[in-house]
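**Student:** Coordinates only, no sequence provided:
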């Protein structure tokens, strides 16, 4: 007869006519005794529980045997359910040291707990069948791992950590869209991501020292920290769907020709850019923290909709010739423009308030701040250009500028507020200044960065007896 399989179970049986033996086709066998033809009590052969992934197929031939199955199978199925739950994790760390280890979990849709892949694994590793990991997923130091894939995995509850995978060339997670934290470092051979669906949710993303040429597959809508550093092959970053970042957005030490597109980013906290060739933030309206640019290669920067930010810094951007921020009204912190030698004109037409210090130095001929009403910190403006201080002197006299005031044009060696060189290729110098009381708020230009199996079978044996 055709074996019967029980839904949700790995057990089946094949009742046949006549006979006395129960034959098991799988392993993990338990020997019990029941009545059989011609004997008061005889061997009932073997009852088997199959390994994960395959049913135990048994044959039974006597009415007593059938009665046994009537009560045994529900208990066995319940026990197997317990074992299946244990097989899929119980909140503890699941260790994977080989493809065989990974395959043990292929019937699990959810792995409960953290998953750690051994540093000794090599070649290709495929995590098949699993759709969710409730904890973290870590591969650390597996420098012989060349390919890592999990085609069904859609969610990692905690950290997705990859570190020191020096030969990894393929990272394929076609269904992944939600991660607690992305933390990748030292993946020098990884050039592209095979993330068809794309990660749309992550609390924090840190990617450093990889061979990635782009971040296609990182399709965030919101993020906390977005820290992208030391990726020397990274050419483009286009995160079209990102609308808000609650933590630091930082790009530093990547390829000098890196182009960054954040077309729908409307708000955030701190944003810092170092050594990039372009930054596009056309929708940016407000930052609660710092917006800073150091050593960048672009010729112009525009934030046409930005109205308010924390510290605002443009420092040592040698090609920068134009800054356009026509709607900026308030800087909640310090405002520094220094060592941007091609910047001939500074113009912030709607700027009204700077709660820290204004510190402009360089080779500019004009500085226009026509709407300025309140500078709570100091004021330092020095230029080698043919620059007049008359408009700002008036602001100092009527106490619009509350802190220490210094302004000089045609200065051979302009300096920043802290005395360092204010123009590239010049040495530090000093000049005359007039002063009032120092403002309480000064500029900060730093980068803010079960049931037991024995019990069940004991009950079954008692029934058989």
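**Tutor:** Arrived safely, thanks for sending. Quick caveat: nothing in here was measured; it's all calculated off a predicted structure.
**Student:** low-confidence ranges in this protein?
**Tutor:** Along the chain, segments meeting pLDDT under 70 span 1-86, 425-465.
**Student:** do that again at 80, thanks
**Tutor:** By pLDDT under 80, the low-scoring segments of the chain are 1-87, 424-465.
**Student:** So residue 100 belongs to a helix, correct?
**Tutor:** Yes - counting by DSSP: H, G, I helix; E, B strand; the rest coil, residue 100 is part of a helix.
**Student:** Measure how buried it is and give me the count.
**Tutor:** Other residues near residue 100 number 8, with proximity taken as other Cβ atoms under 10 Å. Heads up, the C-betas are built off the backbone N, CA and C, glycines and all.
**Student:** what do you get for residue 370?
**Tutor:** 10.
**Student:** What residues does it make contact with?
**Tutor:** residue 349 (Cβ atoms under 8 Å, 6 or more residues apart in numbering).
**Student:** Residue 224 now?
**Tutor:** Residue 224 sits next to 202, 203, 204, 245, 246, 247 when contact means Cβ under 8 Å, 6+ apart.
**Student:** Which residue ranges of the stretch 51-200 of the chain form helices?
**Tutor:** Ranges of helices within the stretch 51-200 of the chain are 63-87, 99-103, based on DSSP state H, counting those that start in this stretch.
**Student:** Quick check: buried residues in the last one?
**Tutor:** In other words, helix 99-103. 102, 103 (16 or more other Cβ atoms under 10 Å).
**Student:** just how off-centre is it within its chain?
**Tutor:** Centroid separation for helix 99-103 versus its chain: 26 Å, with Cα atoms, centre = their mean, to the nearest Å.
**Student:** and that helix, what does it pack onto?
**Tutor:** Helix 99-103 sits against strand 122-126, with contacts defined as 3 or more Cβ pairs under 8 Å, 6 or more residues apart in numbering; DSSP states H and E.
**Student:** ok now the strand it packs on, how far from the chain's centre?
**Tutor:** 23 Å.
**Student:** next one: stretch 376-391
**Tutor:** Mean-position distance between stretch 376-391 and its chain equals 43 Å (Cα atoms, centre = their mean).
**Student:** Now do it: distance from first to last residue.
**Tutor:** 17 Å (Cα to Cα, to the nearest Å).
**Student:** coming back round to it: between the contacts of residue 224, which is nearest residue 363?
**Tutor:** Of all the contacts of residue 224, residue 245 has the smallest distance to residue 363: 33.7 Å, by Cβ to Cβ.
**Student:** and the closest residue to the closest one other than its chain neighbours, what are its bridge partners?
**Tutor:** Nearest residue to residue 245 in three dimensions, chain neighbours excluded: residue 268, at 3.9 Å (Cβ to Cβ, 6 or more residues apart in numbering). Beta-bridge partners of residue 268, counted by DSSP bridges, are residue 245, residue 287.
**Student:** how near is residue 268 to residue 114?
**Tutor:** 31 Å (Cβ to Cβ, to the nearest Å).
**Student:** And for residue 144?
**Tutor:** In terms of Cβ to Cβ, residue 144 sits 22 Å off from residue 114.
**Student:** More neighbours: these two, which one.
**Tutor:** Neighbour count, other Cβ under 10 Å: between residue 144 and residue 114, residue 114 has more, with 20 against 13.
**Student:** which residues touch that one?
**Tutor:** So residue 114 contacts 92, 93, 94, 133, 135, 136, 137, 138, 158 (Cβ under 8 Å, 6+ apart).
**Student:** and with 7 Å instead?
**Tutor:** Contacts for residue 114 were tallied using Cβ atoms under 7 Å, 6 or more residues apart in numbering; they are 93, 94, 135, 136.
**Student:** So for the first one, what's the nearest residue that isn't a sequence neighbour?
**Tutor:** Nearest-residue entry for residue 93: residue 114, 4.7 Å, with adjacent residues in sequence omitted and distances by Cβ to Cβ, 6+ apart.
**Student:** how close does that neighbour sit to residue 135?
**Tutor:** With distances taken as Cβ to Cβ, residue 114 is found 4 Å from residue 135.
**Student:** Same question for residue 260.
**Tutor:** The gap separating residue 260 from residue 135 is 32 Å, by Cβ to Cβ.
**Student:** and what of residue 173?
**Tutor:** Separation of residue 173 from residue 135 (Cβ to Cβ): 17 Å.
**Student:** Those two: who's more crowded?
**Tutor:** Neighbours per residue (other Cβ under 10 Å) separate residue 173 from residue 135, with residue 173 holding more: 26 against 21.
**Student:** Is it correct that the more buried one is in contact with residue 152?
**Tutor:** No - between residue 173 and residue 152 there is no contact under Cβ atoms under 7 Å: 9.5 Å.
**Student:** Need the residue closest to the centroid of this structure.
**Tutor:** Closest to where the C-alpha atoms of the chain average out (Cα atoms, centre = their mean) is residue 205, at 2.4 Å.
**Student:** Nearest residue to that one in space, please, no chain neighbours.
**Tutor:** Of all residues not flanking residue 205 in the chain, residue 182 sits nearest, at 4.4 Å (Cβ to Cβ, 6+ apart).
**Student:** so how far is residue 193 from that neighbour?
**Tutor:** Residue 182 is 11 Å from residue 193, by Cβ to Cβ.
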